[in-house]
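1. no FASTA, just this:
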């Protein structure tokens, strides 16, 4: 094929390369391609299996549920009349995560700005390093710290909030251990701070130097530079960082299980103990669950799975739309 | 032309030109002096009002400082500069606000954890010791953690590595796109959901009991996407010229990958795998569902319940006695130390190997 085609007219470059890089002709190449493609497919199979098996066990559980799965304020998955529902769990999960976001995102943006624009140069890169290290602290350690250190120290703040804001109903607090959804929110905020900070910092550092210098040359103060060139550039990065943090907060198990004193009531007060989250409920109800009870917990886990998928999917979409910031995710 | 003259006359009308070029600024020593005054006033007000919490004193001082610098700057330098100072103060407050809890977390863990942490603690299991009694140790938990994390790495690292190689070296078309998307999705799976998945298949459907291996499978699911992501980034850094040079010499593609691409990026890949190991070492939820925890040493990860460090912390916390709290803190300290050392070594390798990438 080669000799005659060269004589007739010059062959297209693909033809020359094809014996080497085209179809895998050597057995070694074929095996290696098979292995690596197989691993990719295995990953897809695992994801599919997670969805399929969780759904299968959930259908078993929900069909045996004698109450409405979505609106019931109870979790009693044992005995002949199992009644359980996710209303309280969904409420607690959303509320605690929203509190965490409200606290963590402004603070994290502040720290990210501090590291990228305010801190002395020599301090900035070690600080970024420390933040990355803190992101690696296991959640159970946060949980232990939250339960044994944070909870006793919060009752003073809560009585103060009750004195001045108790009339709102949201901040009313009766004395006792501060094992409430609000405490969980604070702890989750502390936990997701490092990850939100480090992603935001990466984005802020990518702001084109020219933009900042142009603003400075026009006589802008440092804050005006940040407001006019850094924040607009970093907005989508901050949003996706927050969504990643939200995904973590939604699925966090141990920190919530150690701090919260769970109950199956929705109360208007966020400071009073009570409530629950999906992950916390699974962890604390698991040891006493029989097989049907475990299926019921799997059903609630499926709901959590779907919620986190939606949140993470949204974050990825935002990153993908502004591709130039995606280096931050690494 | 006329515009320029207009502006000059306006500028000249207010005050002479040379003066208007320089804006009035607060002297450099203002912020520290103001901070001192604010701290003094905060303490004074705190004492006078009989507030017993020193945190409140600090808050009053911080508020006084922020308000004071804003007003002073607005009066002397103008509103724009005042806003700038306000933003600077707020950024500093955000930073201090975050440092306090994180420093407290590390300090509490080290201070309370070092109380019972010694050679005995590291080399003994709980055995038949009653929960409220002091003594006992974490040997069984260390063994369990090492075995579970090791098995998880054995499963996840090759799959993750090969997937990343597929995505970078071969991946074109829909399959590669789907894999990329689902790796992203997998990164966000809550650890407890991974645990529930293995529970539903391995224990509820296949009928196996709890074991370290069941936990490893869940940990592997959590680890795979992290390994894929980091390896992918590293492989992309390998310059195409290296691959092309090797292929041009007639080396088969698989040997090019094994002998050229992987050795070039091995430092970064090692870092990624170690960071992934550090991440799954701290996971508690799947271990709680699948390994259950034990008080005695079980060296066999394929049969019967085992212990692991994070789960040990949780169970000791649940016991709720002083002695068990001490043990929980000590185990937490060991866990943090382990994770931090892994992190530091991993980042050290990354830094040590980094010039090689940049140089080529």
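-> Thanks, I have it. Since we're looking at a predicted model, the values are computed, not measured. Numbers count the residues shown, from 1 in each chain, chains lettered A, B, ... in the order given.

2. now do residue A:74 against residue B:192, distance only.
-> Separation of residue A:74 from residue B:192 (CB to CB, to the nearest Å): 21 Å. To be clear about C-beta, it is placed using only N, CA and C from the backbone, and glycine gets the same treatment.

3. who's more crowded, the two?
-> Remark: of residue A:74 and residue B:192, residue B:192 carries more neighbours, 32 against 14, as counted by other CB atoms under 10 Å in any protein chain shown.

4. thought that one was touching residue A:280?
-> No - counting by CB atoms under 8 Å, residue B:192 sits too far from residue A:280 to count as a contact (9.3 Å).

5. which neighbours do these two share?
-> By CB atoms under 8 Å, 6 or more residues apart in numbering or on different chains, residue B:192 and residue A:280 have these common neighbours: residue A:253.

6. need the contact list for the residue of the stretch 101-250 of chain B found nearest chain A.
-> Chain A sits closest to residue B:190 of the stretch 101-250 of chain B, with a gap of 2.5 Å, by CB to the nearest CB. Residue B:190 sits next to A:247, A:250, A:251, A:252, A:253, A:279, A:304, A:305, A:308, B:285 when contact means CB under 8 Å, 6+ apart.

7. quick check, the fourth one in contact with residue A:282.
-> No - look at residue A:252 against residue A:282 with CB under 8 Å: they stay out of range, at 11.8 Å.

8. what sits up against stretch A:60-72?
-> Contacts to stretch A:60-72, defined as CB under 8 Å, 6+ apart, come from residues A:74, A:77, A:81-87, A:292, A:295-296, A:298-299.

9. filter those residues down to just the ones in strands.
-> The strands, defined by DSSP state E, take in A:83, A:84 from the contacts of stretch A:60-72.

10. return the member of the contacts of stretch A:60-72 nearest to chain B.
-> residue A:298 (5.0 Å).

11. list the contacts for that closest one?
-> So residue A:298 contacts A:54, A:57, A:58, A:61, B:196, B:199, B:200 (CB under 8 Å, 6+ apart).

12. quick check: nearest residue in space to the fifth one, chain neighbours excluded?
-> Closest residue to residue B:196 apart from its sequence neighbours, by CB to CB, 6 or more residues apart in numbering or on different chains: residue A:301 at 4.2 Å.

13. burial count for the residue in the stretch 201-350 of chain B positioned nearest to chain A?
-> Among all residues of the stretch 201-350 of chain B, residue B:282 sits closest to chain A, at 2.4 Å; criterion: CB to the nearest CB. Using other CB under 10 Å, residue B:282 has 24 neighbouring residues.

14. which helix in chain B runs the most residues?
-> The single longest helix within chain B, with elements called by DSSP state H, is helix B:322-359.

15. what is that helix packed up against?
-> Counting contacts by 3 or more CB pairs under 8 Å, 6 or more residues apart in numbering or on different chains; DSSP states H and E, helix B:322-359 is packed against helix A:121-134, helix A:139-145, helix B:79-113, helix B:119-123, helix B:262-281, helix B:309-319.

16. pick the most buried one from those helices.
-> Mean neighbours per residue, mean count of other CB atoms under 10 Å in any protein chain shown, is largest over the helices and strands packed on helix B:322-359 for helix A:139-145, with a mean of 28.

17. check whether that one contacts chain B.
-> Yes - shown here: helix A:139-145 in contact with chain B (CB under 8 Å from any CB of the partner chain) through A:139, A:140, A:141, A:142, A:143, A:144, A:145.

18. could you look up the SS state of residue B:145?
-> Secondary structure, DSSP: H, G, I helix; E, B strand; the rest coil: residue B:145 is helix.

19. list the buried residues for stretch B:57-70?
-> With burial defined by 16 or more other CB atoms under 10 Å in any protein chain shown, the residues of stretch B:57-70 counted as buried are B:57, B:58, B:60, B:61, B:62, B:64, B:65, B:66, B:68, B:69, B:70.

20. assumed the fifth one was part of a strand.
-> No - with the criterion set as three-state DSSP, the secondary structure at residue B:62 is helix rather than a strand.

21. if I read this right, it contacts residue B:94, doesn't it?
-> No - in this structure residue B:62 lies outside contact range of residue B:94 using CB under 8 Å: 11.7 Å.

22. excluding covalently adjacent residues, which one is nearest to residue 89?
-> Let's take chain A. That would be residue A:278: by CB to CB, 6+ apart, it lies 4.9 Å from residue A:89.

23. not quite, I wanted chain B
-> Using CB to CB, 6+ apart, the closest residue to residue B:89 is residue B:66 (4.7 Å).

24. identify the residue nearest the residue in the stretch 1-150 of chain B positioned nearest to chain A in space, chain neighbours excluded?
-> Closest to chain A within the stretch 1-150 of chain B is residue B:94: 2.6 Å, counting by CB to the nearest CB. Distances taken as CB to CB, 6+ apart place residue A:110 nearest to residue B:94, at 2.6 Å, with adjacent residues excluded.

25. what strand or helix carries the one you found?
-> Following DSSP states H and E, one finds residue A:110 within helix A:87-113.

26. can you pull the buried residues of that helix?
-> Neighbour counts using 16+ other CB under 10 Å place A:87-93, A:95-97, A:99-101, A:103-105, A:107-113 of helix A:87-113 among the buried residues.

27. what is the orientation angle of that helix with helix A:121-134?
-> 160 degrees (axes from the mean of the first three to the mean of the last three CA atoms, to 10 degrees).

28. shaky segments in chain A?
-> Applying pLDDT under 70 to chain A picks out residues A:1-25, A:322-330.

29. now with 80?
-> For chain A, the stretches with pLDDT under 80 are A:1-25, A:78-79, A:169, A:174-176, A:316, A:319-330.

30. which residue ranges form the helices in it?
-> Taking DSSP H as the criterion, chain A contains helices spanning A:2-8, A:13-21, A:27-63, A:87-113, A:121-134, A:139-145, A:151-165, A:181-205, A:209-217, A:222-225, A:231-251, A:254-259, A:278-285, A:291-321.

31. got the contact list for residue B:282?
-> Here residue B:282 is in contact with A:136, A:137, A:138, A:139, A:140, A:141, B:310, B:335, B:339 (CB under 8 Å, 6+ apart).

32. quick one: contacts for the last one?
-> Spelled out, it's residue B:339. Taking CB under 8 Å, 6+ apart, one finds A:136, A:137, A:138, B:278, B:281, B:282 in contact with residue B:339.

33. closest to residue B:215 out of these?
-> residue B:281 (11.8 Å; CB to CB).

34. ok, that closest one touching residue B:340?
-> No - with contact defined as CB under 8 Å, residue B:281 does not reach residue B:340; the gap is 10.8 Å.

35. so chain B: which segments form each domain?
-> Listed by automatic domain parsing, the domain ranges of chain B are B:2-113, B:139-359.

36. ditto for chain A
-> Domain assignment for chain A by automatic domain parsing gives A:13-63, A:86-329.

37. residues from the stretch 151-300 of chain A in reach of chain B?
-> Counting by CB under 8 Å from any CB, the stretch 151-300 of chain A sits next to chain B at A:156, A:190, A:193-194, A:197, A:221-224, A:226, A:244, A:247, A:250-254, A:257-258, A:279, A:282-283, A:286, A:291, A:294-295, A:297-298.
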